[in-house]
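>>> need coordinates for the below:
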Amino acid sequence: MGATSVTPLLGRPRRRGFTLIEAALTTVIVGVAILALMGLSGALTGQNANAGQSTTAMLLASNIQEAMAGLSFNDPAYSNTYFGPEAGETLASYNDVDDFDSLTISPPIDSARQTIPNLSQYSQVISVLPIYANKLNSNTNPTSLDLPKTAYTGAVRVMVRIMYKRTSGSVAQEVYRASWIRTAS
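Numbering: from 1, shown residues only. Modelled structure (predicted):
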């Protein structure tokens, strides 16, 4: 009938299978392992999303740098006295680097100044700040300027901040910042 055998030393029958305590302990161990793996998977998925967001933001900042690459430093028609876009200029007609000052672009653009579809949660915020070529640490903060934006110094610091909104009602957060220096020559 039952599959029991007698152990010669103890004289007790030996049972095959798991006891209730062993089964419960195994269930707890397996459950904890599954929960740990699920937590790890969730953390890695979140990191992967952040990495993708950072890569997109870096590309959007480099698009602005490439859009400015072929432009002159400032508009010679204004004898180096006017900083920023001239009256009536639009993004499509910007013809020098300082025209991009104080510009927020949403949805973002590519290097040809064309809107990028499906990235409406991102925006590109651009500041162009005059600096002295021999004093590169000036005007590092767009909200607290060392030099006025009317000064012609022969060099500018271009700062691009990439902002990201998770949902339409949420507040945009900065996810990437790039800065470079452009000189008149």
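>>> show me the contacts for residue 184.
By CB atoms under 8 Å, 6 or more residues apart in numbering, the contact set of residue 184 is 73, 74, 154, 155. (C-beta placed from N, C-alpha, C; glycine too.)
>>> same thing but 6 Å
Contacts for residue 184 (CB atoms under 6 Å, 6 or more residues apart in numbering) come out as 73, 154.
>>> shaky segments in the protein?
Residue ranges of the chain with pLDDT under 70: 1-15, 46-49, 76-81, 150-151, 185.
>>> so where do the helices sit in it?
In the chain, the segments counted as helices under DSSP state H are 20-69.
>>> so where do the strands sit in this structure?
Assigned by DSSP state E, the chain shows strands spanning 5-6, 13-14, 103-105, 122-132, 154-164, 173-183.
>>> can you list these in CSV and add distance to residue 66 and mean neighbour count?
Converted to CSV, these look like this (distance: least, CB to CB, whole Å; neighbours: other CB atoms under 10 Å):
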stretch, distance to residue 66, mean neighbour count
strand 5-6, 81, 10
strand 13-14, 78, 10
strand 103-105, 14, 16
strand 122-132, 12, 21
strand 154-164, 11, 21
strand 173-183, 11, 14
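>>> could you dump the ones you listed to CSV with distance to residue 39?
As requested, those are exported to CSV (distance: least, CB to CB, whole Å):
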stretch, distance to residue 39
strand 5-6, 45
strand 13-14, 41
strand 103-105, 38
strand 122-132, 30
strand 154-164, 25
strand 173-183, 25
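>>> closest one to residue 32 among those?
strand 13-14 (30.5 Å; CB to CB).
>>> mind checking which of the strands of the chain is nearest residue 62?
Nearest to residue 62, of these and by CB to CB, is strand 173-183 at 7.5 Å.
>>> show me the beta-bridge partners of residue 173.
Beta-bridge pairing for residue 173 (DSSP bridges): residue 164.
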